[in-house]
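Undergrad: any chance you can model this:
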Amino acid sequence: SILWTLNPDIVSFDLYNSFSSLITNRSEIQLSNTDNQTLDEISRTIKSGEGAVVHDEVNHRDIVYTFMPVLQTDAPSTKWMNVAARTVYSTERLDNELMIITLWYIGFLVITFILALIAAFTISRYLTRPLRYMLEDIDIITAGDLTHQVRSSPHHELNRISGAINQMVGEIRSKISALS
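TA: Model prediction:
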């Protein structure tokens, strides 16, 4: 049928008259078309003139009820000629695609989180290693070795601090030698 060519997700298409009786049924699979929920929805659709959508999560289907009025209103039987359509769509393909997209998104988030942790670890090591070296050098100087120089750092600010410490140690050394 042309319906399945236009939309491969259509499972069933049924037309009901204004008495909620099934007029025609086009189905790819056998569905129960006479259950009470279907008849209630068809009756409500015809009486209200408004459609509805019912989501069936268990069977991966959307059931769409559509009111289809007769446009010629001058005939006395017009109100009895209105019909309601019940179209059943399979949502399984869309649900599977949504699941795949969700998994890709979660994978992307996990990879991004791991890369952020690696970057944070690398940056923190880049910033703390020169401080650790400076503290080791200061510990050597405080242990009494006034000839030890604080190592230079790739960071400008830390180089200023190490230069100041080296200058201070040099002045202490010269004052001690002047006193001796």
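Undergrad: this structure: strands as residue ranges?
TA: Counting by DSSP state E, the chain has these strands, from start to end: 10-16, 22-27, 52-56, 61-68, 83-90.
Undergrad: need the least confident one among these, by mean pLDDT.
TA: Considering the strands of the chain one by one, the lowest average pLDDT is found for strand 22-27, at a mean of 80.
Undergrad: elements contacting that one?
TA: Applying 3 or more C-beta pairs under 8 Å, 6 or more residues apart in numbering; DSSP states H and E, we find strand 22-27 packed against strand 10-16. All C-beta spots, glycine's among them, are computed from the backbone N, C-alpha and C.
Undergrad: quick one, the longest helix anywhere in the chain and strand 10-16 angle?
TA: Among all segments of the chain classified by DSSP state H, the helix with the greatest residue count is helix 92-142. Counting by axes from the mean of the first three to the mean of the last three C-alpha atoms, to 10 degrees, helix 92-142 points 140 degrees away from the direction of strand 10-16.
Undergrad: start at 59, not 1
TA: All set: I'll call the first residue 59, so the last point we hit is now helix 150-200.
Undergrad: and the angle from helix 150-200 to strand 119-126?
TA: Between the direction of helix 150-200 and that of strand 119-126, the angle (the same axes, to 10 degrees) works out to 130 degrees.
Undergrad: state the mean pLDDT of helix 150-200.
TA: Average pLDDT, helix 150-200: 94.
Undergrad: which elements pack onto that helix?
TA: Other helices and strands packing on helix 150-200, by 3+ C-beta pairs under 8 Å, 6+ apart, are helix 214-237.
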